[in-house]
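1. Pasting the sequence and the predicted model now:
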Amino acid sequence: MSNGVEVVRDDEVRLAFWSVFKHQMKTLTTFISIGGFSLLRGLTNVFVRYTQRFMPDPFLFVAVLTGIVIILDFIFVKGTTFNGLVNKWFTGVWGGGIFTFALQMILILVTGYTLAESPPIRRGLVWLAGKPKNQTQAAILIFLVGGIASILNWGLGLVIGTLLAKQVAKRLQKVNFGFLVAAAYMGFITWASGLSSSIALVDTGKDPVVNIIYAQTHQLVPLAKTIYEPYNWVPVLLILIVVPFILKWISPTETTDINPEALEDPVLPEVPVHKTLATRLENAWIVNVLFAFFGLYEFFFVMHATVNLSSVIMLFTVVGMLLHWTPIRFIQAFNNAAKASGPLILQYPLYGGLMALMTFSPAKGQESLATMLALALVHGSTQYTLPFMNFIGSLIITLFVPSGGGHWTVQGPIAIQAATQFSNSAAYLGKVSMAVAMGEEVANMVQPFWVLPLLAIARLSIRDVMGYCVIVLIAGILIFGAALLLIPAI
């Protein structure tokens, strides 16, 4: 079939889908007007109730997923042996490059958290926390702060909403603290569409190990062809508009007791009365200023403001040093932030092992479980539907591989290989990669891995939070999925 015929066919499908979408939106409006609000709240209550009964600790969650993948490997991957699986799992846990990437992700979290704990930002959070008059207003504010911050940096966005929730809980005594922290985590749904999107960032570099597009086509895809495209920023804008309404409709009426330790602010060191050489160095602001100067000079004049994982870590480190002003205050804040990364340090290697099991192939040419899934999803796709099908695949794979970069190494090769059959343009390949990123951020609403730092900060259980996020998962699937179908790459 010629390319010209394919394009016409895709346009016809897009128009047909748009017609159906408008009809469904009209139906949804009617549904809401006749009492859908109460039904939505009731549905959320069901999700909360069953999550509290059946959701295991995140450590056990990854253990159960590992067991499921082992069984699926024995069923679908021919030639699978117990020794082969154990060896592959061991390599994934203790090798395979997981430690380098895990350290980058942990540093993004810790530097973002350290920045959020700086005196100027904390004063801003205290000021913001005084604005809401009730729980619903607080949840909406917390979500918007977390969502906008996640667009700037996922590490900052992941924690700043929870820090704001703590400040709000100090002022509004009777609230459901789990609901407020859930609203903070909902803001994380924008991260992979923002400036620290790991998939979009690796698309800009020349490392063929992680940049699947460069490995297959020798092309680099700039951020202008991914996160700045309308198919990406339009659904993000819609999410920031729609989710506040959802929070209003599902706000619980019951309150919860809050662990007093969760509301305690970290104690920063005081300037000593009796100064020594050591204490003078610890409080020498010139040290932080020099580090910040060299870091910012490197970013703007040597790297020419290139945004990638390493530059984001460096940038947030030096800005955090500036805002904390003295070395000892920055060190203490960094140490406090590092405590929240403990659960990630424990579970990252386990997910490395899980990813290895997903890609296990006992012989050359034998398709792995991940390859089978990716191929099944792209089979029969057209140029128009391929990004959407990769979005659906990403929703599934994220449950097993919740790291954006690690996820891309699993799904990316098949996605880009299929995409090149239709177009080699940077814009189209960028859209396919962003479809995977969108699936990653949406599926994180029910994947407990990234909520772990929030639980550590808030002293809550996964069962206190996750049930509220299911409704936002559904909204994300509808909004981001529709954007991929309706808005073409420019």
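-> Structure received. Numbers count the residues shown, from 1 in each chain.

2. Any stretches of the stretch 151-300 of the chain with poor pLDDT?
-> Applying pLDDT under 70 to the stretch 151-300 of the chain flags residues 208-209, 261-262, 265-274.

3. how about the strands in it?
-> Here the stretch 151-300 of the chain has no strands by DSSP state E, counting those that start in this stretch.

4. quick one, helices of it?
-> Using DSSP state H, counting those that start in this stretch, the helices assigned to the stretch 151-300 of the chain run over residues 154-171, 177-186, 198-202, 212-217, 230-250, 277-282, 285-297.

5. Dump the ones you listed to TSV, plus mean neighbour count and distance to I471.
-> No exception for glycine: its C-beta is placed from N, CA and C like everyone else's. Converted to TSV, those look like this (neighbours: other C-beta atoms under 10 Å; distance: least, C-beta to C-beta, whole Å):
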stretch	mean neighbour count	distance to I471
helix 154-171	26	17
helix 177-186	29	9
helix 198-202	26	26
helix 212-217	20	33
helix 230-250	19	6
helix 277-282	12	48
helix 285-297	14	41
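
6. now those in a markdown table, with distance to G112?
-> Listed next are the helices of the stretch 151-300 of the chain as a markdown table, based on distance: least, C-beta to C-beta, whole Å:
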| stretch | distance to G112 |
| --- | --- |
| helix 154-171 | 3 |
| helix 177-186 | 13 |
| helix 198-202 | 14 |
| helix 212-217 | 26 |
| helix 230-250 | 19 |
| helix 277-282 | 24 |
| helix 285-297 | 16 |
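
7. Tell me which of those sits nearest to H304.
-> helix 285-297 (11.7 Å; C-beta to C-beta).

8. List the buried residues of the following helix or strand past that closest one.
-> Once helix 285-297 ends, the next helix or strand along the chain (criterion: DSSP states H and E) is helix 309-324. By 16 or more other C-beta atoms under 10 Å, the buried positions in helix 309-324 come out as 309, 311-324.

9. what angle separates helix 309-324 from helix 285-297?
-> Relative orientation of helix 309-324 versus helix 285-297 (axes from the mean of the first three to the mean of the last three C-alpha atoms, to 10 degrees): 150 degrees.

10. C-alpha coordinates for the following helix or strand past helix 309-324, PDB please?
-> Sequence-wise, the next helix or strand downstream of helix 309-324 (DSSP H and E) is helix 327-339. C-alpha atoms of helix 327-339 as PDB (Å, rounded to 0.1, in the frame of the first residue of the first chain):
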ATOM      1  CA  PRO A 327      27.600  24.300  53.500                       C
ATOM      2  CA  ILE A 328      26.500  22.800  56.800                       C
ATOM      3  CA  ARG A 329      22.800  23.700  56.100                       C
ATOM      4  CA  PHE A 330      23.000  22.100  52.700                       C
ATOM      5  CA  ILE A 331      24.700  19.000  54.100                       C
ATOM      6  CA  GLN A 332      22.100  18.600  56.700                       C
ATOM      7  CA  ALA A 333      19.200  19.100  54.300                       C
ATOM      8  CA  PHE A 334      20.800  16.600  51.800                       C
ATOM      9  CA  ASN A 335      21.200  14.000  54.600                       C
ATOM     10  CA  ASN A 336      17.600  14.400  55.600                       C
ATOM     11  CA  ALA A 337      16.500  14.100  52.000                       C
ATOM     12  CA  ALA A 338      18.600  10.900  51.500                       C
ATOM     13  CA  LYS A 339      16.500   9.200  54.200                       C
END
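
11. which strands and helices sit next to helix 327-339?
-> Identification of packing neighbours for helix 327-339 by 3 or more C-beta pairs under 8 Å, 6 or more residues apart in numbering; DSSP states H and E yields helix 98-116, helix 277-282, helix 285-297, helix 309-324.

12. could you give the mean pLDDT of the helix or strand just after that helix?
-> Proceeding N to C from helix 327-339, the next assigned helix or strand is helix 342-358, under DSSP H and E. Averaging pLDDT along helix 342-358 yields 82.

13. packing partners for helix 342-358?
-> Packing partners of helix 342-358 (3+ C-beta pairs under 8 Å, 6+ apart): helix 58-76, helix 82-94, helix 98-116, helix 369-378, helix 386-400, helix 404-419, helix 452-458.

14. what's the angle between the third one and helix 327-339?
-> Per the same axes, to 10 degrees, the angle that helix 98-116 makes with helix 327-339 is 120 degrees.

15. Helix 98-116: how far from the chain's middle?
-> 13 Å (C-alpha atoms, centre = their mean, to the nearest Å).

16. how about it: buried residues?
-> For helix 98-116, the neighbour count (16+ other C-beta under 10 Å) marks 98, 101-102, 104-116 as buried.

17. the inter-axis angle of that helix versus helix 82-94?
-> Using the same axes, to 10 degrees: helix 98-116 against helix 82-94 is 30 degrees.

18. And the next helix or strand past helix 98-116?
-> helix 119-129.

19. contacts for that following helix?
-> 115-116, 141, 145, 160, 163-164, 167-168, 170-171, 265, 323-325 (C-beta atoms under 8 Å, 6 or more residues apart in numbering).

20. can you do 10 Å?
-> 115-118, 138, 141-142, 144-145, 149, 156, 160-161, 163-172, 265-266, 268, 320, 322-325, 329, 333 (C-beta atoms under 10 Å, 6 or more residues apart in numbering).

21. and the angle from it to helix 154-171?
-> Interaxial angle of helix 119-129 relative to helix 154-171 (the same axes, to 10 degrees): 50 degrees.

22. pLDDT averaged over helix 119-129, what's the number?
-> If you average the pLDDT over helix 119-129, you get 89.

23. mind listing what's buried in that helix?
-> Applying a neighbour-count criterion of 16+ other C-beta under 10 Å, the buried positions in helix 119-129 are 121-122, 125, 128-129.

24. same check, this time on stretch 142-152
-> Using 16+ other C-beta under 10 Å as the burial criterion, the residues of stretch 142-152 that qualify are 142-152.

25. do the same with stretch 132-142
-> Result for stretch 132-142 [16+ other C-beta under 10 Å]: buried residues 132, 135-142.

26. cool, stretch 468-475 as well?
-> Buried positions in stretch 468-475, judged by neighbour count with 16+ other C-beta under 10 Å: 468-473, 475.

27. follow-up on the earlier one: show me the one of the helices and strands packed on helix 327-339 that comes nearest G380.
-> Per C-beta to C-beta, nearest to G380 of these: helix 98-116, 33.1 Å.

28. Now do the closest one against helix 342-358, angle only.
-> Orientation check (the same axes, to 10 degrees): helix 98-116 against helix 342-358 gives 150 degrees.

29. where does V432 fall, helix, sheet strand or coil?
-> Put simply, V432 is helix when judged by DSSP: H, G, I helix; E, B strand; the rest coil.

30. For burial, what's the neighbour tally of it?
-> Using other C-beta atoms under 10 Å, V432 has 27 other residues around it.

31. Surely it touches Q216?
-> No: using C-beta atoms under 10 Å, V432 is not in contact with Q216, being 11.5 Å away.

32. list the residues that contact both of these two?
-> With C-beta under 10 Å, 6+ apart as the test, V432 and Q216 both reach 412, 416, 419-420.
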